[in-house]
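>>> got a sequence here, can you model it:
(one chain, ligands or ions: 3)
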Amino acid sequence: MAKYNIALCIFLLSLLYITHGQLENEKSKKRKSNEFDVLIFTQRWPLTACFLWKESSEKHSCSLPKQEEWTIHGIWPTRYHTKGPQFCNTSLPFNPSVLTPLKNQLEENWIDVQNGSDPYSFWKHEWNKHGTCAVAIKALNNEYNYFQEGLKLLNIYNMMDVLAKANIVPGQKYMVENMLIGIEKVLNKRGQIMCAKDKKTGESYVNEIRICFNKTLQLVDCDDIYEFPTNCDRFKQITYPSSVPHDRRVEQI
Ligand SMILES: *[C@@H]1O[C@H](CO)[C@@H](O)[C@H](O)[C@H]1NC(C)=O
Ligand SMILES: *[C@@H]1O[C@H](CO)[C@@H](O)[C@H](O)[C@H]1NC(C)=O
Ligand SMILES: *[C@@H]1O[C@H](CO)[C@@H](O)[C@H](O)[C@H]1NC(C)=O
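Residues are numbered from 1 along each chain as shown. Ligands and ions are numbered 1, 2, ... in the order given. I've put the predicted structure just below:
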């Protein structure tokens with residue numbers, strides 16, 4: 001009987017040892033998993049973002065910027081060939097009052113197209129998901145700096161201007177290849193173009209353009225990021241819309 005008890009004891013102890021080892025492993029994985037290679041700066045075309053929002057429910061309406069312009073989605077710390085890291089630090093809660101000095105600019109240039117949601121929810125989401133990982137970069141080391149840097153990058157790398165320099169303008173259709181080449185010619189670095197597809201018509205709309213920065217915030221090629229260079233249809237033209245696609249209100253007029 002004692003023999004069995006000793007055996008059981010050894011068995012339980014080794015089980016404890018293994019579980020403990022796994023826990024330690026998980027911890028070190030978690031630490032490492034906050035590391036990243038590049039920062040993706042994502043600009044969105046609000047008319048396409050609005051299209052997607054409206055498609056997801058008939059009840060949805062959009063808030064759009066006053067001017068026709070590209071707006072910010074976020075700055076995303078990213079490891080090559082994958083998404084994330086994300087939600088790196090829950091001890092850095094979003095504080096709306098920090099953004100008071102930037103609010104007017106954010107409402108225009110980092111706009112939440114989803115009308116009716118809590119006024120801070122989009123920014124809170126970007127902060128929790130990406131900002132808490134970006135704090136490892138000095139220029140992005142707190143909430144204020146994260147959002148201010150986004151506004152700064154939009155000023156310098158505004159896709160309206162970049163695309164216009166390559167003669168790419170809203171209201172036209174393009175092969176995505178030509179848009180990618182246009183961006184590369186103007187910026188001297190390769191970016192990424194993401195499309196939204198209209199399931200009913202099969203038509204693709206330019207939705208986001210992403211450019212990449214290294215950890216000292218120098219523009220670099222996006223070559224090694226997930227889904228580089230595009231998820232758009234490469235064999236037919238994609239639309240860079242000048243109004244919200246299939247806007248029901250417009251259609252009714
Ligand atoms: C999370 O943020 C807190 C507050 O700044 C800091 O003390 C802590 O080290 C951070 N944790 C990680 C995993 O970076
Ligand atoms: C936004 O939603 C509110 C109701 O939540 C509505 O009254 C308003 O007209 C909407 N704005 C736009 C631009 O559709
Ligand atoms: C970022 O890129 C610039 C220009 O290519 C380079 O000089 C710098 O060392 C890079 N920084 C890092 C952290 O890789």
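>>> and the longest strand for this protein?
Looking only at the chain and at elements set by DSSP state E, the strand with the highest residue count is strand 204-213.
>>> and the helix or strand following it, what other elements does it pack with?
Toward the C-terminus, strand 204-213 is succeeded by strand 219-220 as the next helix or strand (DSSP states H and E). Applying 3 or more CB pairs under 8 Å, 6 or more residues apart in numbering; DSSP states H and E, one finds that strand 219-220 contacts strand 204-213. (Glycine included, C-beta is placed from N, CA and C.)
>>> residue contacts, residue 37?
78-80, 224 (CB atoms under 8 Å, 6 or more residues apart in numbering).
>>> next, format those as TSV and append neighbour count.
What follows is the contacts of residue 37, written out as TSV (neighbours: other CB atoms under 10 Å):
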residue	neighbour count
78	24
79	17
80	13
224	14
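>>> which strands and helices lie in contact with the longest strand of the chain?
Against strand 204-213 (3+ CB pairs under 8 Å, 6+ apart) you get strand 38-44, helix 46-55, helix 176-187, strand 192-197, strand 219-220, strand 238-240.
>>> again, only using 7 Å
With contacts taken as 3 or more CB pairs under 7 Å, 6 or more residues apart in numbering; DSSP states H and E, strand 204-213 sits against strand 38-44, helix 46-55, strand 192-197, strand 219-220, strand 238-240.
>>> what residues sit buried inside it?
For strand 204-213, burial by neighbour count (16 or more other CB atoms under 10 Å) applies to 204-213.
>>> closest one to residue 245 out of those residues, please.
residue 205 (5.8 Å; CB to CB).
>>> how close does that closest one sit to ligand 2?
20 Å (CB to the nearest ligand atom, to the nearest Å).
>>> is that residue bridged to anything, and to what?
Note on residue 205: beta-bridge partners residue 196, residue 239, judged by DSSP bridges.
>>> would you agree it is in contact with residue 245?
Yes: assessed by CB atoms under 7 Å, residue 205 is found in contact with residue 245 at 5.8 Å.
>>> list residues touching both of the two?
residue 51 (CB atoms under 7 Å, 6 or more residues apart in numbering).
>>> can you report how many residues lie near residue 242?
Burial of residue 242 is recorded as 11 neighbouring residues (other CB atoms under 10 Å).
>>> now residue 35
Neighbours of residue 35 (other CB under 10 Å): 12.
>>> so which of the contacts of residue 37 belong to strands?
Using DSSP E, those in strands are residue 78.
>>> low-confidence ranges in the stretch 151-253 of the chain?
The model of the stretch 151-253 of the chain has pLDDT under 70 over residues 248-253.
>>> identify the residue spatially nearest to residue 84, adjacent ones excluded.
residue 78 (7.1 Å; CB to CB, 6 or more residues apart in numbering).
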